[in-house]
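**Q** no letters, just coordinates:
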C-alpha cells in the first residue's frame, strides 16, 4: 500500500508554477493576479481565502481580496464582478461560496467572464469539461486527476466508482474519468443517496472516489483488495483532544481501508492541498490566455 | 414485455405543441421559427433537414433552411450564424453536422447564441444540463427522458448502464439520469470501447441505454430479465430485399432481447422520432424565452 502524498505533490506543483512565473517576470511580463470576492464572515471561507493568499505568495502571484458585508445586494455584487471582468490586471477571480441566502449563486457565477472563471464553475467551463474541450476544470476534480497522473496510476479500462453527485466534485470527476484521455478512459459508475446495493458496486471498483461528506462511510468490507482510494471528504468531527476542538475526517475509514488498498489518500494531506494548487494552475493558464483560442 | 412506441409518442407531443402554438397565434403572437444551416450535400443531413421542415409544419412553426456550398469558409459561415443570432424573427436554429473538414465544428457551435441553440450543443447548455439548471437539453437524451416519463417507468435508485460516451448521447443521458429528478435519480454506469467485463456490467442493469452505433451489439445473454432497453443505434445495414437497399438496425438484437425485457424501443420507431420532437420542444421554449431568466 502506498499513501498518496497530496501535500508534497501540491508543494512540487507550486514550485513548478513559481519557476514558470519567475521566467515570465524575467521576460518583462507581470505575474498572474488572482482576486477573490468574499461576502460576509463565514469562518470556513475566511480560512480558504487565507490559504489562497498564501498559495499565491508561494507561486509568485499577485492576489487581492474584495470583502463585502453580508447585506450586499445581488446587483451590487454583480456590478463588482463586472468590474473584475473588465480589469485587465486581474487574470482570474473566484467568488467564495456559499453566498448569503438572498443572493442567487447561479446568477452570480454566470456573471463571471468565463475567461476569468478559474474555479471552473461557469456552465461554459462545466460544458467544455464534459465535451472534452480546453477550459477551466474545477479545482478538486482537476487535483484528483493530477494525483493519479503523478503517481502513474493506470486508469485505462479500470472501473471507477464515484460516491456523490455534487456539481463541484462528483459530476465533474465522473466526466473527467470517462474521457478518452490519460488519466481517464475509465468505466465510471456514479452512486449517491438513492443508490441501492452500494456495497456490491463498491466491491467492483478498481478506483473509488469518495465525495459524500459522510465521515468514515467507506469501510474495509466495501473495498476490493488492491483498489485505489481517493478520499475527498473533509468533515469536522468534534475531538476534545485537539487544540482546535475538532479533527478533519474523510469519507473513508482510513485505518482499516488502507490495509486493502494499493494507493490511498489521507485526510488531511491528500486531495485537500491539491484543490488550491489546481486553482493556481488555472490562474497561470488564465494569465497565459491560451485556453480559449480555437 | 411492452414496446415503447416512439412514433406514436412523438405524434402526441407534436399535437400538444401544435395546440400551444395555435393558442399563441390566436393571441396575436407569431409562431415559433426554426432555421437550419446546411453546408454541402450530405445525404443523411438532407434527409434530417427535410424531416425537420415536415415536423415544423406539423407543429405550426415557421421554418427556413440556409444552404451553403461545401467550399464556404469558416468565417463566412460564422458571419451567417451571427446574422441568425441577431435576427429577432428566428427563435432557434441548428447547424447541421457534420461540417466539411476545413471547418472547426466547436468554433461554429460556440458562435451560436446559446439562447437560440436548440440543439443544445453549446457548452453553456451542456454545462447547464450537467449542473441541473434550465437550458436547452440535447435532443436525443431529452427524447429518451420523455419516453421514460410518458411510459411511467420507475427510475429512482435503478441502475442505468449507458453504452457509449458520445457528446450528443452517452454523456448527456448519463448526466440526465443521475440528476435528482423524475425521471432520473439512477445509479449510472458509463461503458465504452475501453470497458472490461462489459457483459457482467450489463447484466446488472435495470435500464440499458445502447448508444454505440454497433448493429445488434446487445445480445440476450447480456440482459437481466425485466430490464428496460432503450436502443439509440441507427446503422444502415445493407439489405437487398428492401427498396432502399438497406435497413436501419439498432444496437440491440431486438428479436431475442425483447423476450427478456420489460420495455424496449424498436428501431426504427423508438428513439429516432423523439429526437426531432425534442428539437420542436426546444424551439417552442426558445419562442417563449423563459429558460434563461434567473
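**A** Thanks, I have it. Worth saying up front: this structure is predicted, and the values here are computed from it rather than measured.
**Q** would you map the helices across the stretch 51-200 of chain A?
**A** A:74-86, A:105-111, A:123-131, A:139-150, A:170-178, A:198-203 (DSSP state H, counting those that start in this stretch).
**Q** and the gap between residue A:47 and residue A:211?
**A** Residue A:47 sits at a distance of 20 Å from residue A:211 (criterion: C-beta to C-beta, to the nearest Å). Where C-beta positions appear, they are placed from N, C-alpha and C, glycine not excepted.
**Q** go on, residue A:35?
**A** 27 Å.
**Q** which helix runs longest in chain A?
**A** For chain A, the helix with the greatest residue count under DSSP state H is helix A:6-26.
**Q** that one - contacts with which helices or strands?
**A** Packed against helix A:6-26 by the contact rule (3 or more C-beta pairs under 8 Å, 6 or more residues apart in numbering or on different chains; DSSP states H and E) you find helix A:43-59, helix A:139-150, helix A:271-288.
**Q** compare these and give me the one nearest residue B:17.
**A** When the helices and strands packed on helix A:6-26 are compared for distance to residue B:17 using C-beta to C-beta, the nearest one is helix A:139-150, at 38.5 Å.
**Q** buried stuff in that closest one?
**A** A:139-148, A:150 (16 or more other C-beta atoms under 10 Å in any protein chain shown).
**Q** show me what it is in contact with.
**A** A:4, A:6, A:9-10, A:12-13, A:119-120, A:137, A:155, A:168-169, A:172-173, A:175-177, A:182-184, A:207, A:209, A:211, A:228, A:230, A:232, A:265, A:270-271, A:274-279, A:281-282 (C-beta atoms under 8 Å, 6 or more residues apart in numbering or on different chains).
**Q** quick one: average pLDDT of it?
**A** Regarding helix A:139-150, the rounded mean pLDDT is 98.
**Q** pull the distance from that helix to the chain's centre.
**A** In terms of C-alpha atoms, centre = their mean, to the nearest Å, the centre of helix A:139-150 is set 8 Å apart from its chain centre.
**Q** and the angle from that helix to helix A:123-131?
**A** Here helix A:139-150 runs at an angle of 30 degrees relative to helix A:123-131 (axes from the mean of the first three to the mean of the last three C-alpha atoms, to 10 degrees).
**Q** and residue A:47 and residue A:211? Which one has more around it.
**A** The neighbour comparison of residue A:47 against residue A:211 (other C-beta atoms under 10 Å in any protein chain shown) goes to residue A:211, with 26 against 10.
**Q** show the contacting residues for the more buried one.
**A** Residue A:211 is in contact with A:140, A:162-164, A:166, A:169-170, A:173, A:232-233, A:251, counting by C-beta under 8 Å, 6+ apart.
**Q** closest one to residue B:215 among the helices of the stretch 51-200 of chain A?
**A** Closest approach to residue B:215 among the helices of the stretch 51-200 of chain A (C-beta to C-beta): helix A:170-178, 23.7 Å.
**Q** returning to what we had before: next secondary structure after the longest helix of chain A?
**A** strand A:33-39 (DSSP states H and E).
**Q** what sits up against that next one?
**A** A:45-46, A:49, A:52-53, A:56, A:61-70, A:72, A:77, A:80-81, A:84, A:89-96, A:99-100, A:103, A:118, A:279-280, A:283, A:287.
**Q** buried ones among those residues?
**A** For the contacts of strand A:33-39, a burial check counting by 16+ other C-beta under 10 Å picks out A:45, A:49, A:52, A:56, A:61-66, A:72, A:77, A:80-81, A:84, A:90-96, A:99-100, A:103, A:118, A:279-280, A:283, A:287.
**Q** what about the strands in the stretch 151-294 of chain A?
**A** Assigned by DSSP state E, counting those that start in this stretch, the stretch 151-294 of chain A shows strands spanning A:159-163, A:187-191, A:207-210, A:228-231, A:235-238, A:246-249, A:263-264.
**Q** residue A:255 is nearest to which of the ones you listed?
**A** Residue A:255 lies closest to strand A:263-264 among the strands of the stretch 151-294 of chain A, at 10.6 Å (C-beta to C-beta).
**Q** that closest one pairs with which strands, parallel or anti?
**A** If you go by DSSP bridges, strand A:263-264 pairs up with strand A:2-3 (parallel), strand A:228-231 (parallel).
**Q** gap between residue A:187 and residue B:74?
**A** 36 Å.
**Q** cool, residue A:123 as well?
**A** Using C-beta to C-beta, we find residue A:123 at a distance of 25 Å from residue B:74.
**Q** please say which of these two ends up with more neighbours.
**A** Shown here are residue A:123 and residue B:74; by other C-beta under 10 Å, residue A:123 has more neighbours (25 against 17).
**Q** just checking, that one touches residue B:132?
**A** No: applying C-beta atoms under 8 Å, one finds residue A:123 not in contact with residue B:132, separated by 10.7 Å.
**Q** picking that back up, buried subset of the contacts of helix A:139-150?
**A** Among those, those scoring as buried are A:4, A:6, A:9-10, A:13, A:119-120, A:137, A:155, A:168-169, A:172-173, A:175-177, A:183-184, A:207, A:209, A:211, A:228, A:230, A:232, A:265, A:270-271, A:274-279, A:281-282 (criterion: 16+ other C-beta under 10 Å).
**Q** quick check: residues of the stretch 151-294 of chain A near chain B?
**A** In this structure, the stretch 151-294 of chain A approaches chain B at residues A:156-157, A:159, A:165, A:167, A:171-172, A:174-175, A:178-180, A:185-192, A:194-196, A:201, A:294, judged by C-beta under 8 Å from any C-beta of the partner chain.
**Q** can you rerun that using 7 Å?
**A** Proximity of the stretch 151-294 of chain A to chain B (C-beta under 7 Å from any C-beta of the partner chain) is limited to residues A:156-157, A:165, A:167, A:171, A:175, A:178, A:185, A:187-191, A:194-196, A:201, A:294.
**Q** filter those down to the buried ones, PyMOL style.
**A** A single PyMOL command selects the buried members of those (16+ other C-beta under 10 Å):
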select buried, chain A and resi 165+171+175+178+185+187+188+189+190+191+194+195+201
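**Q** quick one on the thing from earlier: could I get the strands paired with strand A:263-264 as TSV with mean pLDDT?
**A** Shown next, in TSV, are the strands paired with strand A:263-264 (pLDDT from 0 to 100):
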stretch	mean pLDDT
strand A:2-3	98
strand A:228-231	98
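**Q** check contacts around the closest residue to residue A:216 other than its chain neighbours.
**A** Counting by C-beta to C-beta, 6 or more residues apart in numbering or on different chains, residue A:253 is the residue found nearest to residue A:216 once chain neighbours are left out, at 4.3 Å. Going by C-beta atoms under 7 Å, 6 or more residues apart in numbering or on different chains, residue A:253 touches A:216, A:218-220.
**Q** so what's the residue nearest to residue A:135 when sequence neighbours are not counted up against?
**A** In space, and not counting its chain neighbours, residue A:135 is closest to residue A:128: 3.3 Å by C-beta to C-beta, 6+ apart. Shown in contact with residue A:128 (C-beta under 7 Å, 6+ apart): A:134-135, B:123.
**Q** per-residue pLDDT, residue A:128?
**A** What the model reports for residue A:128 is a pLDDT of 98.
**Q** do the same with residue A:45
**A** pLDDT, residue A:45: 83.
**Q** how about the residues of the stretch 1-150 of chain A near chain B?
**A** A:104, A:106-107, A:123-128, A:130-131, A:133.
**Q** out of those, which end up buried?
**A** Buried, going by 16+ other C-beta under 10 Å: A:106, A:123-128, A:130-131, A:133, out of the residues of the stretch 1-150 of chain A next to chain B.
**Q** ok, and the most crowded of the contacts of residue A:253?
**A** Busiest of the contacts of residue A:253 [other C-beta under 10 Å] is residue A:218, holding 28 neighbours.
**Q** with adjacent residues omitted, what lies nearest to that residue?
**A** Leaving aside its chain neighbours, residue A:218 sits nearest to residue A:252 (4.4 Å; criterion: C-beta to C-beta, 6+ apart).
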